[in-house]
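K.L.:
Predicted coordinates and the sequence they were generated for:
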Amino acid sequence: MRIDVVTIFPEVFPGPLGVSVLGRAQARGLLELVVWDLRDFAEDRHRTVDDYPYGGGAGMVMKPEPFVRAVEAIQRAASAGTTGPDSALRVLLASPQGRLFTQAQARALARLPRLVLLCGRYEGVDDRVADLVGAEEVSIGDYVLAGGELAAMVIIEAVGRLLPGAVGDEASVTEESFSTGLLDFPHYTRPPEIRGRRVPDVLLSGDHDAIRRWRKREAVRRTLARRPDLIDEASLDEESRALLRELRERRA
Ligand code: 9D3
């Protein structure tokens, strides 16, 4: 998969995407990251990419033309390689106004041969850009970043690690796709006790069915306590639904 990124801070890439799973995916040729400097697509000698907001107000707005020209250049680079009826480029614009980026979207995007990510800065990007380049606006969460670059990196990491062969242990990624939608159960390793904190006895018992049930219960318990919003959408088997009823009664 090839991912093109458009930014006024090309020097921040690859950053954390250069190490570990994503670094290896690039070294193995599973993922190609191509970073474009938005200023290279500016139309004036000063490489201007921002301007004052129509209607007034604080801050600057990113001009539309450089983004449009950048996506056209990326489109040309795309059709030079793979052409076909299904070669429409998927373009995402990182934006606080976007729909929330989810694991389901990461899975869908990981199936594509190419993806383009546009990063904004300042107060935002001229609202016509998304429409002009056929981009979908995506947010990574309800907090305020200084720009789209870190959001783009989050999306690239979430998608890139799903590319076949990217993660060493393929079983863990497969397991993930069958996961229940609950938070994970707690994990422990040696030593069995540190500063008075013991690993739960059941995990040392060798009773594999008891361990399986304990993990399930902990996953339900933690989800109910920390992320009750996930419970309704989780796909729970009968055993988990029984645990949920029991935990709810206990709290009530
Ligand atoms: C005062 C209104 N703000 C909008 C919520 C202005 C504003 C804040 C932050 C405009 C741009 C930004 C920069 N943020 C991003 O570019 C961004 C982002 C984010 O801030 N949070 C979550 N996801 C994303 S994706 C891109």
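P.N.:
Received, thanks. Numbers count the residues shown, from 1 in each chain.
K.L.:
where exactly do the helices run in the stretch 51-200 of the chain?
P.N.:
Per DSSP state H, counting those that start in this stretch, the stretch 51-200 of the chain carries helices over the ranges 64-81, 103-109, 128-133, 149-160, 170-177.
K.L.:
close to the ligand, is the first one?
P.N.:
In other words, helix 64-81. No. With Cβ under 6 Å from any ligand atom as the threshold, helix 64-81 lies outside contact range of the ligand, at a closest distance of 13.3 Å. In this view, the C-beta of every residue, glycine as well, is placed from N, C-alpha and C.
K.L.:
And for the second one?
P.N.:
No. For a cut-off given as Cβ under 6 Å from any ligand atom, helix 103-109 has no contacts with the ligand; the smallest distance is 13.3 Å.
K.L.:
got it, and the fourth one?
P.N.:
Yes. Taking Cβ under 6 Å from any ligand atom as the criterion, helix 149-160 and the ligand are in contact, through residue 151.
K.L.:
Could you pull out the buried residues of that helix?
P.N.:
149-160 (16 or more other Cβ atoms under 10 Å).
K.L.:
rewinding a little: format the helices of the stretch 51-200 of the chain as TSV; extra columns: mean pLDDT.
P.N.:
Shown next, in TSV, are these (pLDDT from 0 to 100):
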stretch	mean pLDDT
helix 64-81	90
helix 103-109	97
helix 128-133	98
helix 149-160	98
helix 170-177	83
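K.L.:
Pick the most deeply packed of these.
P.N.:
For the helices of the stretch 51-200 of the chain, ranked by mean neighbour count under the definition mean count of other Cβ atoms under 10 Å, the leader is helix 149-160 at a mean of 22.
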